[in-house]
Each structure stands twice: as C-alpha cells, then as structure tokens.
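J.: starting from these lines, generate the structure:
(chains A and B)
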Amino acid sequence: MTKALVDTSAIPGWGVDADPRNDPTYPMRHIEDQDGRGLTWSRPPLQEPDVEILQSIEHNRLPAVLGTSTPPRGLSGMIRRYAFRRSESDWWHWLLLMGADRINVVEGVAQDLAGGKVPNVPGEMGARAEWRHNRKGFLLKTGAIVAVGAVAMALARRGGKQQAREQERISSPEQESAAFDDAG
Amino acid sequence: MLAMNYRGPYRVRADEKPMPKILHPEDAIVRVTRSCICGSDLHLYHGMVPDTRVGMTFGHEFCGIVEEVGPAVRNLKAGDHVLVPFNIACGKCHFCRQGLFGNCHESNAQATAVGGIYGYSHTAGGYDGGQAQFVRVPYADVGPTVIPDWMDPDDAVLLTDVVPTGYQAAEMGGITPGDTVVVFGAGPVGLMAARSAWLFGAGRVIVIDHLDYRLEFARSFGPAEVYNFREIDDVVVFLKKQTDSLGADVCIDAVGGDAAGNALQWLFGTKLKLEAGNAIALHWAINSVKKGGIVSMVGVYGPTGNMIPIGNVVNKGITIRANQASVKRLLPRLIDHIRAGHINPKAMITHRVPLTDVADAYHIFASKLDGCIKPVLLPHGA
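T.: You can find the predicted model right below:
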C-alpha cells in the first residue's frame, strides 16, 4: 500500500527513533516513576498571592506558584468570580467566562479613555500590515466600513428629521386643529 | 518595559508595563531576546479561549538572558542564555515525575485540566508571557535550559514549543517503519510533525492544508506529498483512495480550533463559539485513519466541546493520543537531532518583527499574509 515516493535513505535520521517500546502509553507517561498516589509529593515553597486568585473548585488547594497577571475587577470580575463557583466540567463556567471576556473589552476601552488614551483600534488590528500586504483587502474592508457607516448615518439623520417634524407638528396646535378640521 | 498588551479579539498593541518581580524563591527574571507568535496564540487573539483578560501579555515561545534569580534557584545564574519551555512545571508533582511536564499540578490555580503556560489566558494559569522585554519565569531550576554554545538562537527559540510539539505529535502516532502518516495542517507544528514522522521510520508522509504557499514549503521541508483540500471534493475519500481504501496508519491533527474547511463547524465553532473551535481537522483525522489506527492530536481546542464523529472512534477501534508537548522530556533528544542535522527548525522563520510592531505581526500571521510561516518578535529591536 505504501507508495515509495521518497527515497528514505536520503532523509537524514530516517528511522533513528523507531522504537518497539512505542506502545500506546510509552513514552508519554513514565509509569515506572510513579511513586505513590494522591497528593503525596514534597511540595515546592508556596507563593503568597498579593492579588486575587480565582481557584478551580476541582483543586483542593492552591498550586505552589501563581500567575498574577490582570486580577479580576469590575463587572467582568464579578462574573468571573461567579463562574468559578462552577466546575471545569460545567459549560456555564466557560460560557460565563467568555461573556466576562467580552465585557472586559468594553472595560478596557473605558480604562484607556479614563487614562486619557484614545485607543488606535485600526492600528491595534494591524491595519498598516493589511495596507502593505493586502491592499485590495484593505480597500474592500475600508469601503465596507465606510458604506455601513454612511448608511447608518443616513438612517440616523432621516430618523432625526422625522422626529423633528413630529415635534414641530405636536408643538403647532393650530396646524393640528386645522388638519383636524380639514379631515372633518 | 515594553510588552505586548491584549485589548480584545483581533486587537493587540505594545505598551509600557511594570517590570516583573521575583514572587517565589524559585523564580527567575529573564530578559527576552526572541519571542515567537505561536499558532495557538491566534486562538487567544481570536477570542476563542475563555478567561483571556484585557491587559494580559501573551507569549509562550521565548528565549533570553537570565537577569535575576530567586534565593532557591541553584541551576541558573544571571547571564545564562536560556530557552524556556512553554510548560510551567514544578518537577516534583505526581505528573511531572512521570515526565508529563505539560500537566503539572502545581502551576495552574484556575484549571486542573492543563498545567501553567506562559501568556496563555487565566485558563492556563494567568501568567504574563514572553512577548515582552522581560518575563517572570517560575520554577527556574526545572524548565529553562541553557542554550549550547554551538546552537543558533533561532533554533533554540523554536525548541520551546513548536519543535517538541510537532515531534511529540509524531511520537504519539506510534509510527512503525513503513507507515503512512497524514498530517492535517502545514503550519509550523504540522511541518515539524511531518519532518519528525521520518525520524520514526514513516514510509510515506502526506500533508493536507488549503494554503498553497505553506504546502509548497511542506513539500521541501518535510519532505512530503502535499494536497490542497480546497481542490479535493472529499478529503476522506481522497485519502482512502491513496491508501487502498484502508485509511492511513496514523493521522495527526496539527490544526486545532482555528481550522478552515467546513461551513457548519466554522459557524458554530469559529463564529458563534458554541463549540470549542472548528474541529474539522480532527473530524477528517478520525475518518481518514485506518481501523485500529492512531490519531495523534496536538491541535489546541477550547475547554468546552466539539462536534466530532466519536461513534467512528469506537467502531473503528481507533486510539486517540493527545497532550500538550512535554518539552523538558524531549529537549535532550531534540538538541541531539539539531546537532546531527536531522532537523533544521530555523528554516521555518519567515518574519522578524520588533515588538513595537506586534499588532502588524499578529495580523500578518493570523491572515496568512506575505508568505508568513513563523514570525519572531524581537523585544529589544533588531
């Protein structure tokens, strides 16, 4: 069944790691090095957390080292804390975290603005690289964004004008009663 | 210091952030000299991994110079040039002692299913990563390995993840001499899996992808037979025809949740995120492998669930082997392979980008622009 498309003798190292012991559990797991069961190993020193660490309820103790990047805060943090009441096996745990991630994006923009920084969203999305390496795509995407923006603005303006006309009509009772008289 | 800063899906930038500190006696601070963007970083970039918080720094493939060590560190000293495996591993727990350094139980508070990984969301421990000028490295005596004098640092940085992951994909395939191995995905991990399959004695290596420039690269780098699935009506039927209708001996999923190739999976997995990514590569792997064959998975998926033909796994008697690569376990062998000229990882590097342009680098890699195969960030400039 094997097609001999490649001269394997020309491939450096061909077959050097072929190993009859490569059964389905070897060498991923060195069973011979398993010494005892349960949480019996001698633990490394324990890191004292100086930020809030959310812990999986499937752990019965904090690991010895901890990541301290971006502790939970704000609304997204509240949702994350709630999510961590559920196990890793519970879909809601992950769906809540994904929801918190999306809220966190809005919080990130607010945080930028509060710090006096207006985020350069096109730059953060690699617009310069798109312009350099995919100009057609850049123009198409920009065109689509401009078109959507123009339609949205036109609709908003139309809605605004309509509202103004309504307002005018309500604030001119003579016209309204005249119109009523005509109809009568 | 300058560091990559995640702002939300498809949005990253380089910002000034505080210097990392020693927080544990076994920590080190490393001045990063090279840091890759990994294909699995794109899962974060696309907002597919739960608990990816705004403000985090990604990066789990990096090497650099040891700047400072904690009081309990014995094997490293300031000035050592080290490559740092992506797994944060204590070396003492039940799992580390069995060589499962990707499954350490003492490094991830937020989840038990995976050990700590640098810069890979809070689902992988909440550690800031190496796409920065400096990074905190826990358990410095366990993971970091001093780069041999003769080794090119470009090879060294690829030993932190992509090379061992591709190699372990082939290893888990249980390849026996003469086997036909199909690799789904011609990204850096797929390329290394294809190359490594020969080291285990494969008789035929086939790579499937949809990007012609990557397939062309795989054709020579593997070397491998390459096929573009966009030009094939049905990948599984095609592969069956290539193997006397029996199926391949080993199929490797080197794609994960960011796959292309199936509208339904794309909608539910990629766009609506109701699945843990698009699992079409795994679907094809299960259906293309022979009865009794082995499917080896190193593609990364989210923690929820996916639509895959699990019934066929039972009916065909397939063995699925999967794990995050155990980098430390594999390093001695892979260093030997580089020295012997069996593998040449640095040939995959196509882009070198200063950290200041990190947004462009992510966009180029994610959108497969400019013939990009593997981008390397240079945190301290060229």
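J.: ignoring the adjacent residues along the chain, who's closest to residue 11?
T.: I'll assume chain A. Among residues not flanking A:Ile11 along the chain, B:Trp198 sits closest, at 4.8 Å (CB to CB, 6 or more residues apart in numbering or on different chains). For glycine as for every other residue, the C-beta is placed from the backbone atoms N, C-alpha and C.
J.: that answer is for a different chain, and I need it for chain B
T.: Distances taken as CB to CB, 6+ apart put A:Glu124 closest to B:Arg11, at 4.0 Å, once the chain neighbours are dropped.
J.: burial check on that neighbour, number of neighbours?
T.: Neighbouring residues of A:Glu124 were enumerated by other CB atoms under 10 Å in any protein chain shown; the total is 21.
J.: now swap in B:Lys368 and tell me
T.: Counted with other CB under 10 Å, the burial measure for B:Lys368 works out to 17 neighbours.
J.: and it, how far is that from B:Arg230?
T.: If you measure B:Lys368 against B:Arg230 using CB to CB, to the nearest Å, the figure is 13 Å.
J.: one step back: and what about the residue nearest to A:Ile11, helix, strand or coil?
T.: Local secondary structure at B:Trp198 is given as helix here, using DSSP: H, G, I helix; E, B strand; the rest coil.
J.: burial count for it?
T.: As a measure of burial, B:Trp198 has 28 neighbours, counting by other CB under 10 Å.
J.: now do the one 10 residues further on
T.: Summarising burial for B:Ile208: neighbours were counted as other CB under 10 Å, giving 30.
J.: spatially central residue in the chain, please.
T.: Using chain A here. Computing the C-alpha centroid of chain A and ranking residues by CA atoms, centre = their mean puts A:Asp101 first, at 5.5 Å.
J.: wrong chain, I was asking about chain B
T.: Short answer for chain B (CA atoms, centre = their mean): B:Val162, at 4.8 Å.
J.: just give the closest residue to that residue, not the sequence neighbours.
T.: Leaving aside its chain neighbours, B:Val162 sits nearest to B:Pro188 (4.6 Å; criterion: CB to CB, 6+ apart).
J.: right, and the one you found touches B:Cys372 too?
T.: No. Under the contact definition of CB atoms under 8 Å, B:Pro188 does not touch B:Cys372, with a separation of 10.3 Å.
J.: my read: the residue nearest to B:Arg11 touches B:Asp360, true?
T.: No. Using CB under 8 Å, A:Glu124 makes no contact with B:Asp360, being 10.2 Å away.
J.: and the gap between the residue in chain A that chain B sits nearest to and B:Asp360?
T.: When distances are taken as CB to the nearest CB, chain A approaches chain B most closely through A:Gly126, which lies 2.3 Å from it. As defined by CB to CB, A:Gly126 lies at a distance of 5 Å from B:Asp360.
J.: now residue 40. Nearest residue, chain neighbours left out?
T.: Assuming you mean chain A. The shortest distance from A:Thr40 to any residue other than its chain neighbours is 7.7 Å, reached at B:His94 (CB to CB, 6+ apart).
J.: was after chain B, sorry
T.: Closest to B:Ser40 by CB to CB, 6+ apart is B:Val300, at 4.5 Å.
J.: in terms of helix, strand or coil, where does the one you found fall?
T.: Secondary structure for B:Val300, judged by three-state DSSP, is coil.
J.: contacts only, for it.
T.: B:Val300 makes contact with B:40, B:43, B:256-257, B:277 under the criterion CB atoms under 8 Å, 6 or more residues apart in numbering or on different chains.
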